[in-house]
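Peer 1: any chance you could fold what I've pasted below:
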Amino acid sequence: MGRVIRGQRKGRGSVFRSHTLHRKGPAAHRVLDAAERNGYIRGVVTEIVHDPGRGAPLARVTFRSPIKYKHDKELFIAAEGMYSGQFIYAGKKSTLSVGNVKAIGDMPEGTVICNVEEKAGDRGALARASGNSVIVVAHNPDAGITRIKLPSGSKKVIPSTCRAMIGCVAGGGRIEKPMLKAGNSYHKFKVKRNSWPKVRGVAMNPVEHPHGGGNHQHIGHASTVKRMAAPGQKVGLIAARRTGRLKGTAVKAEKKNE
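Peer 2: All right, here's what the predicted structure looks like:
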């Protein structure tokens, strides 16, 4: 009789503890208001800060409130080229320069943008990771929609009233630097989530995992399992339609399109 494997223990669940102790806060655009809909509002970047657990740097931006005698402090995802003391403008009449925020319907085709809203007023949902950017592909003024190209390469249609920051997210090339040692990975995931280290099934004993055991590390049987497999058996490629390397004309056509 085998033990309760890792996947079963995970499924049982426990009290979740959020890894947000040292986080600087949620990064988002300003709440959409009349100042942005009809004109523009000016803010100044007070500092660029590091947010633990996030690859991209953040920018603290201070705006003068349009309705109260006070300053509003916002936390933006920093675009590449932003600096402390920079003036940024948000709104319909803002200029087309790095760090400014405006509706994508007012941007020319081919503009590189980041932190794009999926629905108008949601304060940013797409292309928020370090080095990511979205490209404006085409506009349809009659339908009020804009076609964009996502970092994955896929195309998406969103309303032209959605806002975005001009430029690409700072911190590009972060994943090109190797971790080099386990200590770096330890500190990286300590502020992110409890998902490291991950022991492979083939490195375990037979009682701990269906892939465990043997005189050398190998699965020893097909790694595909059926959809209705019992808990404890359900590891590997679950209900896979196919396995192995993609071959044939479809792959060649896909590479040609890239």
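
Peer 1: for the nearest residue to Met107 once chain neighbours are set aside, helix, strand, or coil?
Peer 2: In space, Met107 comes closest to Val136 once its chain neighbours are excluded; the distance is 5.4 Å by C-beta to C-beta, 6 or more residues apart in numbering. Using the backbone N, CA and C atoms, a C-beta is placed for each residue, glycine as well. With DSSP: H, G, I helix; E, B strand; the rest coil as the basis, Val136 sits in strand.

Peer 1: where in the chain is pLDDT low?
Peer 2: 1, 250-258 (pLDDT under 70).

Peer 1: which parts of it are helices?
Peer 2: Applying DSSP state H to the chain gives helices spanning 6-12, 34-38, 182-190, 249-257.

Peer 1: of these, which stretch is the most buried?
Peer 2: Among those, helix 34-38 has the highest mean neighbour count (mean count of other C-beta atoms under 10 Å), at a mean of 15.

Peer 1: report how many residues lie close to Arg64.
Peer 2: 13 (other C-beta atoms under 10 Å).

Peer 1: surely it meets His71?
Peer 2: Yes. Contact criterion C-beta atoms under 8 Å: Arg64 and His71 qualify, at 6.0 Å.

Peer 1: ignoring the adjacent residues along the chain, who's closest to Lys226?
Peer 2: Here the nearest residue to Lys226 in space, its sequence neighbours aside, is Ala239; by C-beta to C-beta, 6+ apart that works out to 6.4 Å.

Peer 1: all strands for the stretch 151-258 of the chain, in order.
Peer 2: 155-159, 163-166, 224-225, 237-238 (DSSP state E, counting those that start in this stretch).

Peer 1: need these in a markdown table with distance to Arg174, can you?
Peer 2: Compiled in a markdown table, the strands of the stretch 151-258 of the chain are given as follows (distance: least, C-beta to C-beta, whole Å):
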| stretch | distance to Arg174 |
| --- | --- |
| strand 155-159 | 24 |
| strand 163-166 | 19 |
| strand 224-225 | 35 |
| strand 237-238 | 30 |
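
Peer 1: now do the contacts for the residue nearest to Met107.
Peer 2: Residues in contact with Val136 (C-beta atoms under 8 Å, 6 or more residues apart in numbering) are 104, 107-111, 113, 146-148.

Peer 1: one step back: out of the strands of the stretch 151-258 of the chain, deepest packed?
Peer 2: Of all these, strand 163-166 carries the top mean neighbour count, a mean of 26, counting by mean count of other C-beta under 10 Å.

Peer 1: and that one, what does it pack against?
Peer 2: strand 101-103, strand 112-114 (3 or more C-beta pairs under 8 Å, 6 or more residues apart in numbering; DSSP states H and E).

Peer 1: those: which one's closest to Val44?
Peer 2: For the helices and strands packed on strand 163-166, proximity to Val44 was assessed by C-beta to C-beta; strand 101-103 is nearest, at 14.1 Å.

Peer 1: ok, and what's touching the closest one?
Peer 2: Identification of contacts with strand 101-103 by C-beta under 8 Å, 6+ apart yields 29-30, 36, 88-92, 94, 96, 120, 160-166.
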